[in-house]
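Q: give me coordinates for this.
(chains A and B)
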There are 2 protein chains.
Amino acid sequence: MATEWDTHTALTTTGDGLFGADLDPGWTVGGGVNGGYLLGVVGKAIAEAVPAKPHPLAVSAHYLSAARPGPAQVSTRVLREGGSVATVSAELGQAGTTRISALATYGDLCSMPDDVATTAEPPALPPLEECVPGSLAPEETRRVAPVMDRFDMRFDPACVGWTMGAPSGRGHIQAWFRMADGHDVDPVGLLMVCDALPPVTFDLGRPGWAPTLELTVHVRAVPAPGWLRVSHRTRNVAGGMFEEDCEVWDSTRRLVAQSRQLAIQPRG
Amino acid sequence: MATEWDTHTALTTTGDGLFGADLDPGWTVGGGVNGGYLLGVVGKAIAEAVPAKPHPLAVSAHYLSAARPGPAQVSTRVLREGGSVATVSAELGQAGTTRISALATYGDLCSMPDDVATTAEPPALPPLEECVPGSLAPEETRRVAPVMDRFDMRFDPACVGWTMGAPSGRGHIQAWFRMADGHDVDPVGLLMVCDALPPVTFDLGRPGWAPTLELTVHVRAVPAPGWLRVSHRTRNVAGGMFEEDCEVWDSTRRLVAQSRQLAIQPRG
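A: Purely as a prediction, here's the structure:
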């Protein structure tokens, strides 16, 4: 049975590394299409271009212009395919205008060593039932950001002051995360999860759109089934820009993705 | 007067976004050419390709094969040039084999707002004279890594246990940094600085070469003249890979660059 994610990222192919997609209006925020969804579509095309290397290890995307719902084209080019990894460049365009240009290194996470020697700790989140569901957002917010309906997010109550005009000022938002239809996220889906939460600048009292210049995701393991823990942080808001660091942890408390994006500060 | 950096990154151009470089043997480690130097050469070519956008804001590089000293070609392609930023793709190759593929967003850091609202703190380094100069490294080490002679690095004594067989195990190396000839680093040069220190895995008792899969650098400000503070950390050593986060702070205690790379764990 196709999940919502499968349906919304379905690709046609015309061969030669070219793919067609239909960007679903359910992924918009203020009319533009969510950057994580776009990266997921690109990521899926790359996986089809190098079938022996099914998983993204590192994907870097530069955002050139805002995408709109509707038809899109993804062109992929395999730069090198070796024994364990492949490097692929990809562009997502609409009517001849490039939206995203990406470079990716793909491999097979299942064939990697299973050592874990990490000093990182998963986000300390209260139990699910003590967290704040995204579905409590005002009707007006959800009309502007239909993308919210794609997810089941349960926010740490300590990180939602900004929804009531009282941002913590720490630059930190974290939540439990799963898809609204309850299906599990695969490694390509993690590219999308890294841009799913609201901009971390909301927690600094800077609401408004924060356009991404660049987003790089490292996928570090195949996520186990179940709820994910997602954390967004920023430390350096300066020069009209800020970085947003995201971590995604799976239900076995393994760090499955790390990402950083450089974004333009919202005005006001 | 040309600095050593200027000389080693000098480019010829044949027009159409194509550049020629001559990779200097002084930047090798174990025979391969340092990845930060390669990125600096690529970064300089991109700056020449979009002269109205002189500074890297975000540069993502995927490393395809090990470069050798000698002639190299850099091809650049401007994907989009807008009012404030330009996005450029670039490849560095040798004799038809791609070494690095990169995507970059360039702009003019001098025209950005000068706000700074950061919660990040510069690395706590003892005074210069209490730190350990890289020049104290054994003759054998410096023969294997001529790149060390390009820099004047003064390591935090708390982070050099690995040189005496006693790594701290924290995954942290930090140092004062400047070029060996004392010249100041410009924004393109920061691309190189982010890969200049020894691999952070040395501090985990894992000596040996750690090949970079992907390196993304965000340049956040034009560095002020004087010594830089550079910090490398890793938190997630897992699945045969590790991330290396680098921060570069200038003499005014401003965070001028942030980078992350995904690298393969050294064996043994």
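
Q: wait, a strand at A:Arg99?
A: Yes - counting by DSSP: H, G, I helix; E, B strand; the rest coil, A:Arg99 is located in a strand.

Q: ok, the residue lying closest to it once chain neighbours are set aside - contacts?
A: With sequence-adjacent residues excluded and distances taken as Cβ to Cβ, 6 or more residues apart in numbering or on different chains, A:Arg99 is closest to A:Ala67, at 4.3 Å. Any C-beta I mention is one placed from the backbone N, CA and C, and that applies to glycine too. Neighbouring residues of A:Ala67 by Cβ atoms under 8 Å, 6 or more residues apart in numbering or on different chains: A:Leu23, A:Gly32, A:Val33, A:Leu38, A:Leu92, A:Gln94, A:Arg99, A:Ile100.

Q: please repeat the previous calculation with a cut-off of 7 Å.
A: A:Leu23, A:Gly32, A:Val33, A:Leu38, A:Gln94, A:Arg99 (Cβ atoms under 7 Å, 6 or more residues apart in numbering or on different chains).

Q: helices of the stretch 1-150 of chain A, residue ranges please.
A: Under the criterion DSSP state H, counting those that start in this stretch, the stretch 1-150 of chain A contains helices at A:4-8, A:35-49, A:139-144.

Q: okay, those helices, which one's buried deepest?
A: helix A:35-49 (a mean of 26; mean count of other Cβ atoms under 10 Å in any protein chain shown).

Q: quick one: check that helix for contact with chain B.
A: No - if you take Cβ under 7 Å from any Cβ of the partner chain as the test, helix A:35-49 misses chain B, and the best it gets is 12.2 Å.

Q: show me what that helix is in contact with.
A: Against helix A:35-49 from outside (Cβ under 7 Å, 6+ apart): A:9, A:11, A:13, A:17, A:19, A:21, A:27, A:54, A:56, A:59, A:61, A:63, A:67, A:74, A:76, A:78, A:88, A:90, A:92, A:99-100, A:102, A:104, A:106, A:188-189, A:191-196, A:212, A:215.

Q: narrow these to those in strands?
A: A:13, A:19, A:21, A:56, A:59, A:61, A:63, A:74, A:76, A:78, A:88, A:90, A:92, A:99-100, A:102, A:104, A:106, A:212, A:215 (DSSP state E).

Q: returning to what we had before: tell me the one of the contacts of A:Ala67 nearest chain B?
A: Proximity of the contacts of A:Ala67 to chain B (Cβ to the nearest Cβ) peaks at A:Arg99, which lies at 10.2 Å.

Q: pLDDT score for that closest one?
A: pLDDT, A:Arg99: 98.

Q: so what pLDDT did the spatially most central residue of chain A get?
A: Geometric centre of chain A, nearest residue: A:Met192, 2.6 Å, by Cα atoms, centre = their mean. A:Met192 carries a pLDDT score of 98 in this model.

Q: which ones are touching it?
A: A:Gly36, A:Tyr37, A:Leu39, A:Gly40.

Q: skipping adjacent residues, who's closest to whatever residue of the stretch 1-150 of chain A ends up closest to chain B in space?
A: Ranking the residues of the stretch 1-150 of chain A by distance to chain B (Cβ to the nearest Cβ) places A:Ser60 first, at 3.3 Å. Leaving aside its chain neighbours, A:Ser60 sits nearest to B:Ser60 (3.3 Å; criterion: Cβ to Cβ, 6+ apart).

Q: equivalent analysis for A:Pro113, please.
A: Using Cβ to Cβ, 6+ apart and skipping residues adjacent in sequence, the residue nearest A:Pro113 is B:Gly240, 4.1 Å away.

Q: CA atoms of stretch A:92-102 as CSV?
A: Provided in CSV are the C-alpha atoms of stretch A:92-102 (Å, rounded to 0.1, in the frame of the first residue of the first chain):
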residue,chain,number,x,y,z
LEU,A,92,15.3,20.2,-9.7
GLY,A,93,13.7,22.6,-12.1
GLN,A,94,10.3,23.9,-13.1
ALA,A,95,9.6,25.2,-16.6
GLY,A,96,13.3,25.6,-17.2
THR,A,97,14.1,27.5,-14.0
THR,A,98,16.4,25.7,-11.5
ARG,A,99,15.0,25.5,-8.0
ILE,A,100,17.6,23.4,-6.3
SER,A,101,21.1,22.2,-7.3
ALA,A,102,22.5,19.3,-5.3
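
Q: mind listing what's buried in that stretch?
A: Across stretch A:92-102, burial judged by 16 or more other Cβ atoms under 10 Å in any protein chain shown covers A:Leu92, A:Gly93, A:Gln94, A:Thr98, A:Arg99, A:Ile100, A:Ser101, A:Ala102.
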